[in-house]
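Peer 1: My questions are about this predicted structure, shown below with the sequence.
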Amino acid sequence: MLQNYFKIAWRNLVRAKGYAFINIAGLAVGMAAAMLIFLWIQNELTFDRFYPKTKRLFQVYNRDVIAGEPYVWGATPAPLAPALLQDYPEIEDAARYRSTNLLLAANDKFLNIEGSFADPSFLNLFDFPVLGGNSNTALKGNNDIVITKSLAEKLFGITDVVGKTIRIERKDNLMIAAVIDNIPSNSNFKAVEYILPWNYSVALGWTNDNWNNNNYYTYVLLDQNANAETVNDKIKYATAAHLKGVVEDPSHREIFLNSADKWHLYSKEAHGQLVEGKIVTVRLFGIIAAFILLIACVNFINLSTARSDKRAKEVGLRKVAGAPKLTLVFQFISESVILAFLSGVVAFAIVWAFIPTFNTLINTKLSPDFTSLSFLLPALAFILLTGLLAGSYPAFFLASFQPVKVMTGTYRSAGAGFSPRKSLVVLQFTFAIILIISTLIVKQQISHAQNRSNGYDQDNLVFTYLQGDLGEHYAPLQQELTSSGAVISISKSIGPITQMNTRQWGVSWPGSTQKDKDQEFVPFGTDIDFLKTNGVKLVAGREIDIRKYPSDSLALMLNESAVKAMRLNDPVGVKVKFSGKEWNVVGVVKDFIFDSPYEKINPVLVYGPARDLPWTSMRLNPAKSTAKNLETVRAIFKKYNPEYPFEYTFADESYQAKFAEEQRTGKLTGLFSGLTIFISCLGLFGLAAFSAQQRTKEIGVRKVLGASVTSIIQMLSIEFVKLVLIAFLVASPIAWYAMEKWLKGYNYRISIEWNVFAVTLFLTILLVLLTVSFQAIKAALMNPVKSLKVD
């Protein structure tokens with residue numbers, strides 16, 4: 001019997017090839033989009049949650065009140081981990097962690113690559129799979145190293161490398177104690193290629209044990225019987241106890257535990273709390289996936305019911321022959337399930353073909369195994385569910401026809417009311433319009449921020465880190481670069497001007513108050529030619545020039561926001577104190593964007609080279625090609641630093657990266673709004689076919705009475721325009737509310753204007769008219785004699 005059902009279902013689909021093609025296309029696109037989103041959601045939900053001890057893993061965070069506002073941050077002092085382990089028995093293990101980027105060499109191969117320093121217990125906390133060596137004894141000294149499988153292959157070409165040596169920064173030979181598997185892309189440590197002993201960092205003098213130096217990360221493993229909230233209460237003031245006499249008021253300094261399952265999705269810092277972050281995006285795209293799939297199913301419903309006339313007599317004859325309703329329902333659901341499976345096959349092909357592009361778009365590495373049971377079983381269940389969801393209403397609708405009414409032609413329902421089919425089309429376009437409005441507003445917000453003046457000239461501006469011998473040979477390096485003609489200006493700095501490196505509190509000046517010490521500033525160091533190199537404009541005074549003014553090692557330039565924050569009328573010549581030094585203000589520069597282009601400008605302190613300045617900024621000669629300039633610069637860098645690769649970053653690329661997250665959201669929203677419209681238009685096409693079929697005789701009568709083709713097209717199209725208008729009225733306030741809430745996360749933002757809604761309405765009506773015009777024109781041009789003969 002079951003075989004017979006599917007055989008009949010297959011024959012019906014083959015007989016109606018056009019109907020089957022449209023249904024398969026709509027379902028396949030909808031299923032493929034939903035699958036891609038669900039794969040991404042699965043990846044996000046497993047981020048940092050796959051460690052064997054995830055439920056007991058925590059990161060220690062700081063909380064304090066600064067300038068009257070509560071702040072929270074993840075960096076902690078170096079002595080914190082040993083102190084927690086010693087003083088609190090509920091903490092089973094603890095580890096310090098700090099990222100680094102060093103030159104590694106082996107077999108005449110040199111790699112400048114990202115890694116970390118960590119305590120031996122770090123490997124116990126995270127239990128990364130060990131491919132070789134002993135993780136229990138690794139990292140306990142100061143002369144070994146743990147590397148990943150990929151780094152072993154890069155340096156040695158093989159993975160069996162335990163016992164071999166790697167040279168660090170051209171001076172220290174460290175033995176490989178263990179090889180771990182590559183860290184997955186959905187891990188907070190995905191970029192780490194090697195782990196160095198914490199003792200090695202201490203031996204190099206790179207560790208500061210000051211309790212007020214928050215430059216390290218602390219991870220703890222709680223005892224199996226420990227309660228996180230109880231432990232939080234106990235350790236709350238562990239840092240504050242060590243800060244008495246170090247900072248003026250440690251009373252607000254607290255620490256707390258943040259569980260591993262929240263590191264990725266609940267990492268937004270707001271008002272001294274870690275709140276919902278990426279989980280909001282995950283939920284949003286989960287809703288989008290569900291609606292796209294629902295819209296694809298609605299298409300099937302509309303197209304199935306549009307063909308009800310062609311299946312009505314079949315239903316009537318089957319019922320007269322004694323077929324029960326349940327048998328007919330099962331027959332029609334069988335057809336929908338077959339269609340769903342065919343659509344699923346096409347959807348898998350689409351996912352397989354587009355997953356590399358999708359990975360690029362979302363900046364991750366999704367690599368589903370299409371042959372594994374863990375993928376196939378959920379996928380088959382997903383397809384079956386889609387088939388049942390899409391086919392249930394049409395099955396019960398068609399099976400409910402009464403034989404007498406079918407044979408007499410009186411089973412058709414009146415078309416004047418607001419039928420379920422029309423309601424579904426309104427639902428489809430409501431969702432599509434919300435996505436269109438959202439896409440336009442996201443693009444406007446990105447454009448608004450991109451058009452904001454950043455306060456410096458990013459063209460031909462290049463940054464590089466002074467590694468190896470470059471610091472020692474900086475003077476001849478600087479001279480040779482400028483005399484080469486490839487570089488017109490060069491300046492040392494604490495970091496790129498596109499990136500905020502640190503924050504400064506406790507600043508005082510004449511007229512400042514105790515409260516002013518909580519004012520946050522951004523310090524930025526330089527030596528000479530800061531203005532010329534970066535293209536920053538001088539407002540008052542002069543710039544820092546250590547060669548012309550040797551005392552400028554303690555000189556200071558303020559940006560306009562800093563002058564305003566300090567309430568200074570004539571800042572040049574003012575003495576400013578911070579970091580245990582007194583600085584002399586020599587100039588004021590125009591504001592420039594350090595941090596996010598969506599936020600307010602930070603008060604900046606541009607100080608002289610009294611501190612180490614490990615970066616250099618270079619302005620390339622615009623009269624020469626960029627490639628030629630870089631070739632010349634690379635050769636000069638290699639001359640003074642032959643074993644280190646010449647690595648650089650363009651300022652325009654670095655600044656553009658600040659828009660990456662919003663651009664990604666905009667592209668994804670645009671992509672899925674386009675797919676939603678495509679699928680919705682297929683559904684509208686089905687409803688247009690149904691409407692034209694139902695009104696064939698009416699159209700014939702109107703033509704006989706003299707109605708023009710234009711008036712008939714208008715008559716058939718107007719009802720669909722009305723549906724879109726209803727959808728627009730429903731969608732507009734929803735979209736406005738959602739996007740207004742999204743925009744509240746930005747200080748520098750647009751106002752939502754009426755033209756966004758006008759453009760959306762125009763585009764939607766245009767798409768609807770183009771979609772229904774084929775059926776409308778076809779019906780309007782039909783010979784009225786044939787129209788009147790239709791049963």
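Peer 2: Here it is on my side, so go on.
Peer 1: Please identify the buried residues of the one helix or strand residue 21 maps to?
Peer 2: According to DSSP states H and E, residue 21 maps onto helix 17-45. The neighbour-count check on helix 17-45 (16 or more other CB atoms under 10 Å) flags 19-20, 22-41, 43-44 as buried. In this view, the C-beta of every residue, glycine as well, is placed from N, C-alpha and C.
Peer 1: Tell me the spacing between residue 178 and residue 162.
Peer 2: Distance of residue 178 to residue 162, computed by CB to CB, to the nearest Å: 7 Å.
Peer 1: Shouldn't residue 332 be within a strand?
Peer 2: No. Counting by DSSP: H, G, I helix; E, B strand; the rest coil, residue 332 falls outside a strand, being helix.
Peer 1: rewinding a little: which secondary structure elements does the helix holding residue 21 contact?
Peer 2: With contacts taken as 3 or more CB pairs under 8 Å, 6 or more residues apart in numbering; DSSP states H and E, helix 17-45 sits against helix 278-306, helix 325-362, helix 373-399, helix 660-694.
Peer 1: list the helices and strands the longest one packs on?
Peer 2: Using 3+ CB pairs under 8 Å, 6+ apart as the contact criterion, the secondary-structure elements in contact with helix 325-362 are helix 2-15, helix 17-45, helix 278-306, helix 308-320, helix 373-399, helix 660-694.
Peer 1: between the second one and helix 660-694, how many degrees?
Peer 2: Interaxial angle, helix 17-45 versus helix 660-694 (axes from the mean of the first three to the mean of the last three CA atoms, to 10 degrees): 160 degrees.
Peer 1: Looking at residue 178 and residue 162 now, which is surrounded by more residues?
Peer 2: A count of neighbours by other CB atoms under 10 Å puts residue 178 above the other of residue 178 and residue 162, at 22 against 19.
Peer 1: Could you give the bridge partners of the more buried one?
Peer 2: Here residue 178 sits in beta bridges with residue 133, residue 146, as judged by DSSP bridges.
Peer 1: Okay, it and residue 744: tell me how far apart.
Peer 2: From residue 178 over to residue 744 the distance is 48 Å, taken as CB to CB.
Peer 1: likewise residue 163?
Peer 2: 57 Å.
Peer 1: so what sits against both of residue 178 and residue 162?
Peer 2: Contact with both residue 178 and residue 162 is made by residues 132-133, according to CB atoms under 8 Å, 6 or more residues apart in numbering.
Peer 1: returning to what we had before: could you give the angle of the helix holding residue 21 to helix 278-306?
Peer 2: Helix 17-45 runs at 170 degrees relative to helix 278-306, counting by the same axes, to 10 degrees.
Peer 1: Tell me which of the helices and strands packed on helix 17-45 sits nearest to residue 625.
Peer 2: The closest of the helices and strands packed on helix 17-45 to residue 625 is helix 660-694. By CB to CB, the value is 27.4 Å.
Peer 1: Which elements pack onto that closest one?
Peer 2: On a contact count with 3+ CB pairs under 8 Å, 6+ apart, helix 660-694 meets helix 17-45, helix 278-306, helix 308-320, helix 325-362, helix 420-450, helix 709-743, helix 754-780.
Peer 1: I'd like the mean pLDDT over the fourth one, please.
Peer 2: In this case it means helix 325-362. Here helix 325-362 scores 82 as its mean pLDDT.
Peer 1: In that helix, which residues are buried?
Peer 2: Buried residues in helix 325-362, counted by 16+ other CB under 10 Å: 328-340, 342-344, 346-348, 350-351, 355, 358-359, 361-362.
Peer 1: and what of the second one?
Peer 2: Buried positions in helix 278-306, judged by neighbour count with 16+ other CB under 10 Å: 279-282, 284-286, 288-289, 291-306.
Peer 1: wait, is residue 524 part of a helix?
Peer 2: No. With three-state DSSP as the criterion, residue 524 is assigned strand and is not in a helix.
Peer 1: what about the spatially closest residue to it that is not a sequence neighbour, how many neighbours?
Peer 2: Nearest residue to residue 524, sequence neighbours excluded (CB to CB, 6 or more residues apart in numbering): residue 606, at 5.1 Å. Using other CB under 10 Å, residue 606 has 28 neighbouring residues.
Peer 1: Residue 589 is in contact with residue 606, correct?
Peer 2: Yes. Counting by CB atoms under 8 Å, residue 589 is a contact partner of residue 606 at 6.8 Å.
Peer 1: Check the contact lists of the two and give me the overlap.
Peer 2: With CB under 8 Å, 6+ apart, residue 606 and residue 589 have common neighbours 557-559.
Peer 1: For the residues you listed, which PyMOL command selects only the ones that are buried?
Peer 2: Applying 16+ other CB under 10 Å to these, the buried members can be selected in PyMOL as follows:
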select buried, resi 557+558+559
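Peer 1: buried ones in the lengthiest strand in the chain?
Peer 2: Longest strand of the chain, by residue count under DSSP state E: strand 91-106. Across strand 91-106, burial judged by 16+ other CB under 10 Å covers 91-98, 102-106.
Peer 1: got those as a markdown table, with pLDDT columns?
Peer 2: Below are the buried residues of strand 91-106 laid out as a markdown table (pLDDT from 0 to 100):
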| residue | pLDDT |
| --- | --- |
| 91 | 95 |
| 92 | 94 |
| 93 | 95 |
| 94 | 96 |
| 95 | 96 |
| 96 | 96 |
| 97 | 96 |
| 98 | 94 |
| 102 | 90 |
| 103 | 90 |
| 104 | 92 |
| 105 | 90 |
| 106 | 90 |
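Peer 1: so how far is the helix holding residue 21 off the chain centroid?
Peer 2: Centroid displacement of helix 17-45 relative to its chain, using CA atoms, centre = their mean, to the nearest Å, is 21 Å.
Peer 1: repeat for stretch 37-49
Peer 2: Put simply, stretch 37-49 sits 12 Å off its chain's centre (CA atoms, centre = their mean).
Peer 1: Would you mind writing the CA trace of it as PDB?
Peer 2: The C-alpha trace of stretch 37-49 is given here as PDB (Å, rounded to 0.1, in the frame of the first residue of the first chain):
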ATOM      1  CA  ILE A  37      22.000  29.500   9.000                       C
ATOM      2  CA  PHE A  38      21.500  26.500  11.200                       C
ATOM      3  CA  LEU A  39      25.100  25.300  10.600                       C
ATOM      4  CA  TRP A  40      26.400  28.800  11.600                       C
ATOM      5  CA  ILE A  41      24.100  28.800  14.700                       C
ATOM      6  CA  GLN A  42      25.400  25.300  15.700                       C
ATOM      7  CA  ASN A  43      29.000  26.600  15.300                       C
ATOM      8  CA  GLU A  44      28.200  29.700  17.500                       C
ATOM      9  CA  LEU A  45      26.400  27.600  20.200                       C
ATOM     10  CA  THR A  46      29.400  25.300  20.500                       C
ATOM     11  CA  PHE A  47      31.900  28.100  20.800                       C
ATOM     12  CA  ASP A  48      34.200  27.400  23.800                       C
ATOM     13  CA  ARG A  49      31.700  24.700  24.900                       C
END
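Peer 1: Contacts for it next, please.
Peer 2: Stretch 37-49 is contacted from outside by 54, 185-188, 260-261, 263-265, 278, 282, 285-286, 288-289, 292, 351, 355, 358, 362, 364, 366, 368, 672, using CB under 8 Å, 6+ apart.
Peer 1: Let me know the distance separating residue 670 from residue 602.
Peer 2: Taking CB to CB, one finds residue 670 at 32 Å from residue 602.
Peer 1: And the two? Which one has more around it.
Peer 2: Shown here are residue 670 and residue 602; by other CB under 10 Å, residue 602 has more neighbours (22 against 17).
Peer 1: Next, the contact list for the more buried one, please.
Peer 2: 500, 520-522, 561, 594-595.
Peer 1: Select only the buried ones of these in ChimeraX?
Peer 2: Restricted to buried positions by 16+ other CB under 10 Å, the ChimeraX selection for the contacts of residue 602 reads:
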select :500,521,522,561,594
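Peer 1: Could you dump the contacts of residue 602 into TSV and include distance to residue 723, secondary structure and pLDDT?
Peer 2: Below are the contacts of residue 602 laid out as TSV (distance: CB to CB, whole Å; DSSP: H, G, I helix; E, B strand; the rest coil; pLDDT from 0 to 100):
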residue	distance to residue 723	secondary structure	pLDDT
500	51	coil	78
520	53	coil	85
521	57	strand	90
522	54	strand	90
561	52	helix	93
594	50	coil	82
595	46	coil	80
